Each structure stands twice: as C-alpha cells, then as structure tokens.
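Colleague: pasting the structure only:
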C-alpha cells in the first residue's frame, strides 16, 4: 500500500487539526522513506530499542505517540544517531500522532476510559468522564492498577467515589483539574502528579497511573484498526516503563493518623462551600480557562501537553 | 527576640544569595507583622491548614520552604484569603527559605543525604553524592521508603548500586541527571519523575521518593537549630502528602520479563561505551551545563526549581 | 442581598467587557468574603484609610475605581497587609470597576461632563464632547475649578472656547489628544499633563483638573444608583487628594509677554493650515489610532489607562 | 571655533557616559552641519519656535535638553519638517544633553538646588538633598513658586519642613521617592506628580513645580559657562510653558477639614513606625533599587527618565 | 494638481493594503510639503543624488520604490541631512510605493515579465510565471542581460528552459523558490542570490539579474501612466547601479568539468523522484507556505521583502 | 588516530571560542560515529553530494565550513535523510568549523588574503587588510576573478586602488563596511552584495567574488595541515558553485556615461569632506561598532555571519 494512502487513513483516525499548537512539527510524517508499505509497527515511543524491534520484524513504517525529536536539533546526538541509523538502513518511515490522537474518537482517552470500565462516558474537550461502582480511593487505585497493569500512586482519601475523570499522559495540570472540579468528579486519573497540584486539589482523589500505562493502551488499540487495511501487517511493540512501587506499609498508619485527622478537618471546612464560593470558583475557572484558550492557536483546540 | 534579629540568623543559615534567580520575590520575609517574636512554627508549605495550627500553638512567625504566593497575584482567591486572614489576625509573620536552604550547608540536601545514611558525602553545586552498602534497585527503593517513611516509585534495574546522588524536590531534570551520569553514580533519588526523563536515563536507577518526603526532613531539622535562639520556642508542623502506592504485584512478573530482557539488551549496548562516546557525552554535558549556567543570573548559583 | 446578585447588578452598570485589556485581573471581585451583603461603601481608591472607614460604618463590601493591588505581588508589603487585615477581619469584600465604568453609560465620563454643565454631549469611544457658553481659557479653568472643587493647572491661551472634550483620569495622551484635534474642540480637560504633550498640543487649551477631581464624582454618583437595591445601605467615602495650587502671581505677566507673543506667532502659523496639512494630519491620526487599536485586545475596546 | 572642539567642551560639562541607557541616540550631536561655529543658542526644547528664534539671532548651533526626535521616525511629520527646514536652511547644528547634564556637576539638579537656596547640599546618585529654614508645606510651595517663577501644585501637609530633596523633570517615581524616604527628607520637589504616587507617599510633602520650571534654570545656567569659549556668542532662548494655576479658594477650607483630619490620623498611624517596619522598608527599598539598577545598562548610571 | 488628489491616484495604482506588514511606515507620503504639485520625478531610490536631479528639473514631488529612511532614526546623519535639505529647500514631497507596487497590476513584476518577453503570463500571489522559446541556461542568461541591459550571474545548467518565474528585487528566498518548484518552472529570475539558496535549489536555473535591473523598469513604466494626469509633468531619474560582471573565462571549462559531471550525477539522482518524494515535497512546501502566511498580517498579503 | 585526538587538533586550528554566538550548536562535532579515524575528507558544505564522494573515497570523517543542519529540525526532510543515511551507513563523522575558522590564524581570511597576493597584511578583528600594486576597479576585479577562478560582480569605479580589505563569505554588511571606511581602504572584497549596501558605500570599490570562491580556498588549505597527522589520509572534495557571469557588453558604455558622470559629481561632493564630516563619520562608526559589539556575547568575538 502507498505510504501516502496510509497517511491519509491515519489523518482520518487522528485528524492533525485536533493537535495542540505546540505539537507543530511533532506530528505527521517525521521521516518518509519508502513509497510502498507492507508492514507497520506501532509503539508509544520512537527510540532505538523500539526501532531495533521494528527492523527485526521487517516493518517499513513505525507509528508512535511520542515523536523522535522533541526539541529541534542541529547536532545529532549519539542516541539520535542510533535511532536514525536503524530507521534509515531499514527504510522505516516514522509517523507520529500525539495530542490529535489523544483527542480523537477512539483515541488515547477513549481507550483509557474503556480500559477502566467506565460507564456513561461523556467526552470533554479534554479527557473523559464516566461512572464506576461506588468505591473508596484505595479501592479505585487498586482497580486502576489492575486494569492498566501498573503500579500507581494516589492521594486524597474519599470513601465514596462514583464519578471519575480520566486523561492520559501528563494531565495533572491546573486547567484540567479545574474542569474536573467543575464537573464535580470524585477522582481524577492521569499521571505525573506534582506536589503543588496535590496540595491545591486535596478535595479530589488523584490517581497517578503513570504516563506509560495511561497512554500505551491507546496505541495498542490502534493495531486492529490498521489491520483492516488491505495487504498490511501490523505489530505492536511494547516497551514497558519498568516502574515499580514500594508502599510505605503499616508504620505510616501508626504515625500519621493524628495529623491526617486534622488535615481532614481542614479539608472538611473547605468543602462546606456556600454559594459565594461557587461563584468565586466559577470566576476563577473562567479566568484559567480563558487564559488557557487564549494560549491556544486560532486553528485548533488543544488538550494536553503530552 | 526581634524579628529583624531572627531574619539575620535565618540569612546565616540559608544565605539569600544562594537562591536561584527565579526565587526572587519568593524567599525572605514574605509578610512581616510583629516586631517581637517568641514562638516560631516551621513547616514545608504555607497554607491555611498549616497556618491554622501555627495560630493554635500561638506562633508569631512561620518559616516554610514553599512560599505563600508562588505566582504573583492581584486578585485574592478564597484560598489565599483564608491563609492571609489567619496570618493577619494572629499576627504570624511569614518567612520563606527555598533554593537557598536546599543548597546551604545543613540544609535540605544535607539532611536528605544523612537521612538515607549515605557515607563519604560530597557536595555538588547541586545535590549530594554518597555511598551505601552495595544493593539492588529494589533493595535501595525499600531502604529509601523506610528511611523517609514514604511510598516510592522506581525504575532502572541495577544489581549493584553503591554510589548514589540525592537532590530533594523536583530534580529529575536533564541538567541534574547529566551531573549524575558524569559523576558515575548508580542511582539518583529525587522526585516528580517524568516519562521522557525515565526513557532517556535508563542506565540509572531512578527513585522517585516524592517531593514531600525528600524535603520535609530538611525543614524538620531546622527546628533544633532555631531552638538555640534565646527565649524562642520552636515547633514543627507536619502536613503529610497523604500519598499511597499500589504496586502491580506478581502478574507483572509473569508478563514482562521477555520485554525486559530485550530492553536490557538495549541498555547493555548503550553501556558498552568507547572513548568516543565519553567524549561526546562530555561535549553534550558541557552544552547542557553551559546552557544551564547561562540561564543563571550573575549573582547567585542555582540548584533546582523547587 | 447575595453578593453574587450585587455583582450581577454591577456588571450591568459597568460591563466587564468594556474594560481595557490591561485591566485584566484588576476589575471585578478582587476579594470575595461574605455571601450576604447589607452595607456597601463606595470610594475612589482601595487603601487602608478608606477600608478603615468602611469598617467603621459596618460595610461588608467596598466598591472602588482603583483596585487594591495594581502590580501583581508575591510579597505582602506593610501597606498591603494593613489594608488586607482590615478587609479580612471586617469581612469587607472588594470590587473594582475601572475602565469599564469610565466608558459605561452614566459612568465616570458622563458624570464628569454633567458636573461641568456641558451641553449637547456626544459620546466618543473615549471621553465626551460638549458645549459651553463661549469663554476664555482662564474663565474655563476657573469654571472647572469651581465645579469640581479642585485646584487646576492649565495652558494654551484661547479667547473663544465653546467646544470642550473631557476624559476623567490620566488621559492627556497622544491618542486622545488626536481625537480632540480631529473633533475640532477648543479645550481638553483631563489630568496628569506632561511636558511633551503640552508642547505638542499648544493649539488646544489643556486643563489639568487632577486625577482625583475628574474621577471622584463618577464614583460618588454610583451611590444613589446602588441605594435602589432592596435592603442595601450605601455610603460614599471621600478621600480628597489634598492638592493645593499656588499661582505665580503678577510677576509673570511682566516678564513673559514678549516671549508669549512670539510663541503666539508660532502657533498662529501652525493654525493657518491648508488642505494638504489636513490630509497629513488625517494620515497621522489614522496611524496613531491604528497603532492604538492594534494594541487593543480582540474582545474589548479600551479607553484610557487609568 | 570648530564644532568638534565645542562638542569636546560639552562632553566635559555633561559627560555622555552619565546618561541613562534609554537616552542612547538622544544625546550628543543630533544634526551636525557647519564645521565652524560662532554663535550658540541654548534652550530647553528643540522645536520650530525655538529654532526660528535661533535662526533670527544667527546661531549656528542649538543646544537643548530635550532632543528633536524622541521616538525614532521613518516618516517626516509636518511638525518635524518645519523644525528641520529651519535648521538645515540656516545651518544650525543640534546638540542635546539630557540625563547626562541632569546628573553632571553644575547641571540641572545643582542649578535647581541653588535656585531654591538650599543649604548643605549633598549629591545623590539622583537628585540633591539640602536644608532650608524650617517652614510649612504651604510656605515651601510659595517659596518654590517664587524662586522658580512658576505656578505649583503640592500635597502633603507638613508643619515643619527643613530637609528637602529636589530632582528636575519628571522624577516623581517610586525609585526616587524611596530614596527620598530613606534619606528622611520632609519634602520632595520635582514635577508631573501622578495620583498613585501621591497616595502612596502621603507622609512626604510633594511639590510639583512643573517640568519646565525645574529644568529651564539648568539650561539657562549653561550660557555663562559657554561664553567663556573664545569667539563664541551665546544666547538663551526662553519658551515658557504658559502653565497657570487656579487654586480652589476658601470653599475647600470649609468642606474638607474633617476628612483631612481623618486622613491625618491615618498618616499618623503610618508614621509610628517600629524597628520592624524600618527593616521591611529597607528590604523593600533594596528590592526597588535593585530592580532599578538591574534595569540600568552596565556602563552608565541613570537618574531620571526625562 | 492637489497633492492629496495625486496621492489618491497613486493609491489606485498601488493600493497600500497590498503592502507587506514590514512596510508599515515605509510607504505612502513620507514627507508632505506643497499642497499644489505640477512636476513629478520618479526614481528607484530616494537619495541625495536623485533629489538633486529632482530639484534641478523643478520637481515638487518625488516618487520612489525605496523609501528615504528605512530604519527609523532619531539622529540625522550627514547623508540623510543632505537629502532632507534638498527636499525641504526645494519643497519636494516624497512618496514611496514598495511591495504594494510590486504586487499591483501593472507594477514591478508585471513590467519585469513584459520586459523579458514572457508569454502566457500568470499572476501568482508572488511574482509572475510565463513562457519563453525553449533555450538553455546560458541563452536565457544572455537574454535577460540583453533585455534588462544588466550584467547577470546565473547557476544551474538546464538545456531546455521554457517555463520561467520572475520576481523583482530580493526574492531568492525559500518561500518563493518553493512556489517556483511547485509550479514546475525551469528557471527563476530575481536578485541577491545567496549561497545556501543556490545549493538547495540546484534543480532550478537561477538567474540573478541584480536588484536594480529587476525593479527599475517598473518605476520607469510608472511615468507614462502619471503623464495622463492633467497639468502634470513627469520625469524619470535613472541612477544605474554601476555593477559590472567579469566572467571567469575558458580556464574554468578546463578545470571544473569532472566535478561538474559528478555534480550532475547527484542532481540526476535527485531528479528521479518517486511519488513519495513528491508527496513529501508537497508537505514541506505546504509547511513553508503556511509558516510564511502565518507570518503575514491579517490585513494584507505580502509578496517580498524588498 | 582517535577521533577525540583529531577534534583536539581541530580545536587548536580553529578555537571554538573564536566563533560567533549565533554559531552555537553549529560548530564542533555535529555527528560522532567511529572512535578511530584513518581518512578525513574536507569540503565547504555538508550535503549529500559531498557525503557521497566522502563515502566513495572511504573517509570516516568529513570536515566542512557550513554545518549539516543550519536551522534546528524535528522533522527529517528527504534531503537531510539522504545526507544522514550516507553518513550513518558509512560511519562518517561530521565536524564543522565556521566563524571560528574564519577568524583563526591561517583560516579562511588569511588564505583569502594570500590567494589574492596581498602584501603587508594586517589582521582586523574582522577580515584582513593588505596592499596591491595600484590598479583600477576593473583591473582589480579581473585580478580577483583570475586568482579565485571565479566570476565576479563589482561596483564603484576607482582609478587608483592600492589598499584592499577582504572578508570571506557574506560580509557586505554595514559593520564591516564601516571598518573598511575607517581603515581608508580603496576596495572591499567579499560576497553577496545587496542593493542598499551598494548605494550606501559608493565611495568604495566593492567586489562580490561569490560566497563559494572566497571561502573554498580556506577549506582547501586545511588539507595539507591535516596531512601532518600520523596515519591520516586527507582529501579535499570540491563542489563548485556553478555560477557564471554575463556582462552587459559595450551597449552599456554607450548609454550610461552621462548618468555616470553625474553620479560621479555626486560622489565627488561627498568626498570633499571637511573635518566636521570626519568627526560625524567617526561618531557614526563608533555607534555602529558599539551596537555591534554589544550584540556580541561576552565570551567570544564575532566576525561574520557566514
């Protein structure tokens, strides 16, 4: 099949105009080599390990979520040279679909929501919101860990969680957490949770399920769709993050409770919101969103940074 | 004791000129109220929970690592108003020591290194390097979790780790990881590990011990030093992050090994470095460091962003 | 009455979308405390003197023209702390209406024009133009001083003034003076006249009636409108600028005339404009206005900087 | 005398390296025409009126404080064309000395201090501080008006003023007012006082003696110095600002006192400063000054903007 | 005839809204002096030589392609003073039409295309494309040199050239060369060819016919059109560039061929493009054009920079 | 020989600290592949043609003046892919020396000066100045063409040229031409002469000897120096620009003289400079140089942009 024809199909699956502005130069055909394609490899990242496997299976095209060169270069590092050499010698064209595929129907976020068995899913400009059977924070964390086969870190003890927002990749950012609050979700599942965000959104259960585990399923799910192309073989190359978690066992339970109780008091007070507070939150949210949207280009809407 | 006198002592402990440029306006006396101070509270963050406790114990000064207002404001949010009200009504002055205290002798990083029982500690411009009894990645992760009483996430399987770099807060950034590599450490302990960093530094064991747990001990250790001031009571206010980890148990062991082996092959190849590679790395490190230093102001050296 | 309801009314009086871009973060609810409001104080500035009086009269909301924090802060100065303490302890919410209220119907400029007894008033995008009984510069200055109860400074001797432009606050700026010229007014009344503007617009009578005196009436006029709200008490807090003028008596008359005559010759020549000159002026004005408008955001039109 | 020789003399009087960075392109020889100069005109501004008189008296060089073209142009406006035509046709070279002459020994600020009969004058990096016989604000205002033959506006009632800071031109700016406070002066005399400054520095008597009247004497004083050059005639061209003041008479005395008293109470409280306050002020001043100095170029020190 | 009327006519000939954004302040009436115009001079550049001739022939208006002051000034250089003096003394108004006249119907590019006897001319947003009788690179270069009476430099040996793109001035820039490629022209005629462009577009015959010779005919052609204005005399002032070429004779033929042959091999390979390559080129061109268009202002379309 | 050892030698020949700031990322080891080097190829440009020849001769290192990737990329274009593939498959490391080699002793400019038989050569921060036997512009142009075996374009008729400045590459820029004027040279030889420069520096004979021909000799001259390295073969790969000139023959002589004479009159007048003019020029040159130097980084001096 012609590479140009495949590119056309990929643009239907993940329309480039859905991508964030910052993704300019980072999506689409990053390296175009052979006109005729018969085997496609799919992976999360484009690096020498993945490319080596793509070469071994005889792929002449590699589709990834993260592009080969994030920050533009004019020096070819050892690492980049290794990747490029494999691609050029084995004539493996590179194609990247990033925030456009996150946002697309059937893309990263839809697959993530489905992987977690969310029900009654609604699509936001960003992320997805769905329902689960009522459970506690620790139960939800275990569920996520189990569904995505990943270690997780979580914070925010909630006893009754039934409404959940998910966003693959690095979405624990203010603009998305405001959307979460505004939509009155109980928990937000994403990755790369930072300290200041954790402190500011203590009212939510926040589950960091790793960047890899929240995005990888979306790329895997691309394979069966591409297999429908006539005469095209498709293979997924998995490169796990290798992350492991160590929890801090029972000692913590002994030391911390008092503080926790007080902390909970704090949070309790914050949750007794009057109508003024909701108006202020609304105003603040509008400001954040308006800042956010102003930072978007005129052509496309953004969802998240990675 | 006069507030001005205490400020003088604090500036000896954490000289302002050690702070990063970006910390301008974020360290020193953030809010100065009562001239006479008799009770000091110390904490990691300045928020309404902490301030409430500071008020309850009758503190008239609160010293924190993270300042009250990170991004300058001209609207007083509900959250900020709550903190300010407590501080103003109870006349609690606020003082912040951040990257200057990270870098200072006896500051965040020295305490962190000591908490982990590192031996033969050397001080870098950033972070500390020390030695431990040889162990594997998982053993080191358990050790860190135990010493800091925190859940951790880690990546990078190494069987023989004896040389370790530590840097409290959010230091999994390129410039620090290059320093780690250059110093031939086996493991780097910090927090807020992101996917792209994890992928790029697979040759190192990376242990994310949370922002809270890597910085909190440094603030706690400030208390006994301040208690030496005549007529000053000092109390530490602990506000745990509440983070919990869920590991992904034994299933992973069953699925992943093959891939891991291949991944290890990849890494192996990368580790068989010839002299050229070291020269290239050196050049690259110099570039990164030179970029980094260029980004520093002329007066003070920086260490890390938070 | 609910604060949120009052905010709604204030947004009808001074629609936020009328504000200049630079006013972002400086208008609207700056500090929101009590949900229920029964007494509103109104003033020109938000500072500790005004807030103290607002507290004394039991106000739970203060509406001002100038906001509490103009340049965003992350350190709370002594001055700001004093203001904030009063507001927080007395639960006085702060609301600011600035360029949106200048431009609004019945706002600062409409009140200013009315205070000066202008007739046949027309509304510009900026300021107001009206007619007075023909008088000289010194007579007009005396009239302005009398109407606004303020010392004034003025320049530009005109014997026959009948068409006047007014703009409250600091509007002696090029773009507004070009509008004045283009509208063939004889005199322009505003405040904070600078030397270079005075020299460049010698053909106009320029009357600097102080920032305070040109804006204060507009805020005062807000009170009766708010008193129509059910169950709301409204009080105006006046904080005069304290400015006094000393004129330079009769000596000047003795020394200056010769020079003045020559100066007048100069101006005379400049006033004998041919059609070319008008075309050039038109072109220049278009440039200035187009620059000005380009500097405006896409959503709202601006009027003046303060 | 050679123009080049005169330029050399002028650079001794007002060394270019004393100028502010923003004056780059605005000082020195702005237009150099005739090699041989025999008559020099001196004035505050370079405009067509002044140039016309310079031409009438046969000057072949005009030295001014304010330059001909402030903002760089690529279109020659009608106004600029008029000035240029006179200069070019009459071969009048233009030379501008601005902030370098403000700061120079014997320059604008020294002359201003002397004109006001200040005693025991000390030179700051900016402005001058001196002593007068103890008087009230209104007495000082009358004295200034009389010495500089100008209308003035003033604010800040002080009964006992004996220590005064002066700075010609538009120096009512934060960085200079902080210097004034730090030097514990009672009054500050400059021009173009804005509302926000007036409100923030109510503890000082602020006297706005107009831009023209505070700078013109300095230019006039240049003449006798230049007359010492062999074979050079020198003439000063005065172009008064034409500003007149109208005070608001006795009515104000009747209305305002109450408010004034309260205002004074406010100020009183602010003046009862404890040692903490002084430390905070010191810190704030250091910040302002450090910001200010950072904004200066590396080569020269600045004094004021115009 | 009124100057204002002439300006109106000129704006019909070269509508200002066709100009590039960077031309703001560089087109239109640059200096407007006499209201009544009877003799117009036209030239490529506005400098003292041209102005002197304009004065000698009694012109009271000079229309040029390149404006008098390209980079805004606040110092009048000797060179600029010389030009301004002539213009002001002789009351010669200056008018500039630049990229608006390049793009206009009957403007620089249309005249250039006609001067070279192109057939079947089509108008691009930029430049013009036309056909010539099939010839070689050297024959076309000779033809251009002959038609424009100018020395030329050329590169890119093509034996069969029949489709040619032309763009007056400095248009050997990536965005225009991509348009040339996309339109499958054989040769591109413009000026100021740089080394990197020459190397990147070796597949095209590139003829550098000098900035002067490609734009001068367009200005000359303006004269007869203006002569139709009632009561207006028009004269063209030619100021040749004085450029001469020295070719490197027959020696080169002896040395270079081998290399040339190899070079030709290279190019040959590059010309055997498959469909993928065309798609990639298409994508690359779209990117360049989209970047280019994004860099354009919202009001007018651009063509070239000079 | 070790690549790292060769790099060390190259850094002695062209010290990196001599490079312009803009060359950051564009000099040094651009792509480092094999640790051991036995054959080095040298060329002006790094493109697929040159790389193909380097591969054919078995080079494992290519040293060029112009780097492979000028503007940083994150998409690998067809052209770049072709170059990279050859380099990676044949393990050809890439090293670039640009402005550092221009400025270095024995570098591009020294070789250029020697190639033109200049005598008594002095080294400027930029370029070189030397003497030739007195000749006319056309004679010098012929000499340059002959020495560099290149077509040339020239302007500025001078009958007696004996003092010449040379600067390889694209150095017809204001800052270098001012240096030329200041050093009272008769002719300046460089490349890529633009129209505005030609017009502004009509007093100089300007010879555009092409970018290729002025820089290529410097790279060629590198070869014998590298051949002294033990066990290293060195080969130069020449890729001529292919530029040819067509002069505009005798017709021009017939048409242009009148204009030329007048033009000469113009220039004559400009050359009758009085002492004032020299002072002004001096001042202007100082400004330009000071601007230029200010634009330089603190570490290294710049010479030219390409």
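Modeller: Cool, got the structure. For clarity, every value in this text was computed on a predicted model and none was experimentally measured. Residues are numbered from 1 along each chain as shown, chains lettered A, B, ... in the order given.
Colleague: all helices of chain A, in order?
Modeller: Here chain A has its helices, by DSSP state H, at A:3-13, A:48-56, A:78-89, A:99-103, A:108-115, A:137-148, A:174-182, A:195-200, A:211-220, A:222-227, A:249-255, A:257-271, A:275-294.
Colleague: For chain C, what is the nearest residue in the stretch 51-200 of chain A?
Modeller: residue A:196 (14.0 Å; CB to the nearest CB). All C-beta spots, glycine's among them, are computed from the backbone N, C-alpha and C.
Colleague: What residue, apart from its backbone neighbours, is nearest the residue in the stretch 51-200 of chain A that chain D sits nearest to spatially?
Modeller: Taking CB to the nearest CB, chain D has its nearest neighbour within the stretch 51-200 of chain A at residue A:196, 24.4 Å off. In space, residue A:196 comes closest to residue B:70 once its chain neighbours are excluded; the distance is 7.1 Å by CB to CB, 6 or more residues apart in numbering or on different chains.
Colleague: Count the neighbours of the closest residue to residue A:7 other than its chain neighbours for me.
Modeller: Distances taken as CB to CB, 6+ apart put residue A:29 closest to residue A:7, at 6.1 Å, once the chain neighbours are dropped. Using other CB atoms under 10 Å in any protein chain shown, residue A:29 has 23 neighbouring residues.
Colleague: again, but for residue A:102
Modeller: Neighbourhood size, residue A:102 [other CB under 10 Å]: 30.
Colleague: Contact partners for the residue nearest to it when sequence neighbours are not counted?
Modeller: Excluding the flanking residues, the one nearest residue A:102 by CB to CB, 6+ apart is residue A:108, at 4.4 Å. Counting by CB atoms under 8 Å, 6 or more residues apart in numbering or on different chains, residue A:108 touches A:65, A:101, A:102, A:168, A:169, A:214, A:215, A:217, A:218, A:219.
Colleague: Show me the two of those residues that sit farthest apart.
Modeller: Across the contacts of residue A:108, the longest distance by CB to CB is 13.3 Å; it joins A:101 and A:214.
Colleague: which one of the two has more residues nearby?
Modeller: residue A:214 (32 against 27).
Colleague: re the thing from before, now the residue of the stretch 51-200 of chain A closest to chain D: how far from residue A:174?
Modeller: Going from residue A:196 to residue A:174 by CB to CB, to the nearest Å gives 9 Å.
Colleague: quick one on the thing from earlier: distance of the residue nearest to residue A:7 from residue A:108?
Modeller: Counting by CB to CB, the gap from residue A:29 to residue A:108 is 20 Å.
Colleague: With residue A:221 instead?
Modeller: For residue A:221, the distance to residue A:108 - CB to CB - is 9 Å.
Colleague: Pick out the shakiest of the helices of chain A, pLDDT-wise.
Modeller: Of all the helices of chain A, the minimum mean pLDDT falls on helix A:257-271 (a mean of 38).
Colleague: touching chain B at all, the longest strand belonging to chain A?
Modeller: Assignment by DSSP state E gives strand A:128-135 as the longest strand of chain A. No - for strand A:128-135, no contact with chain B is found by CB under 8 Å from any CB of the partner chain; the gap never falls below 13.3 Å.
Colleague: okay, the angle between that strand and helix A:108-115?
Modeller: 20 degrees (axes from the mean of the first three to the mean of the last three CA atoms, to 10 degrees).
Colleague: Run me through the strand neighbours of strand A:128-135, direction for each.
Modeller: strand A:119-123 (antiparallel), strand A:161-166 (antiparallel) (DSSP bridges).
Colleague: residues of that strand that come out buried?
Modeller: For strand A:128-135, the neighbour count (16 or more other CB atoms under 10 Å in any protein chain shown) marks A:128, A:129, A:130, A:131, A:132, A:135 as buried.
Colleague: same question, stretch A:95-106
Modeller: Of the residues in stretch A:95-106, A:95, A:96, A:97, A:98, A:99, A:100, A:101, A:102, A:103, A:104 count as buried by neighbour count, 16+ other CB under 10 Å.
Colleague: go on, stretch A:103-121?
Modeller: A:103-104, A:107-116, A:118, A:121.
Colleague: First-to-last residue distance for it?
Modeller: 14 Å (CA to CA, to the nearest Å).
Colleague: cool, and stretch A:163-171?
Modeller: 18 Å.
Colleague: Quick one: mean pLDDT for that stretch?
Modeller: Mean per-residue pLDDT for stretch A:163-171: 98.
Colleague: who's in contact with that stretch?
Modeller: So stretch A:163-171 is contacted by A:102, A:108-109, A:112-113, A:116, A:118, A:124, A:126-132, A:140, A:176, A:179-180, A:183-192, A:211, A:214-215, A:218, A:303-306, B:194-195 (CB under 8 Å, 6+ apart).
Colleague: What is the burial count for residue A:194?
Modeller: For residue A:194, using other CB under 10 Å, the count is 18.
Colleague: Please read the previous query as pertaining to residue A:181.
Modeller: 17.
Colleague: Same check on the one 5 residues further on?
Modeller: Per other CB under 10 Å, the neighbour tally for residue A:186 reads 23.
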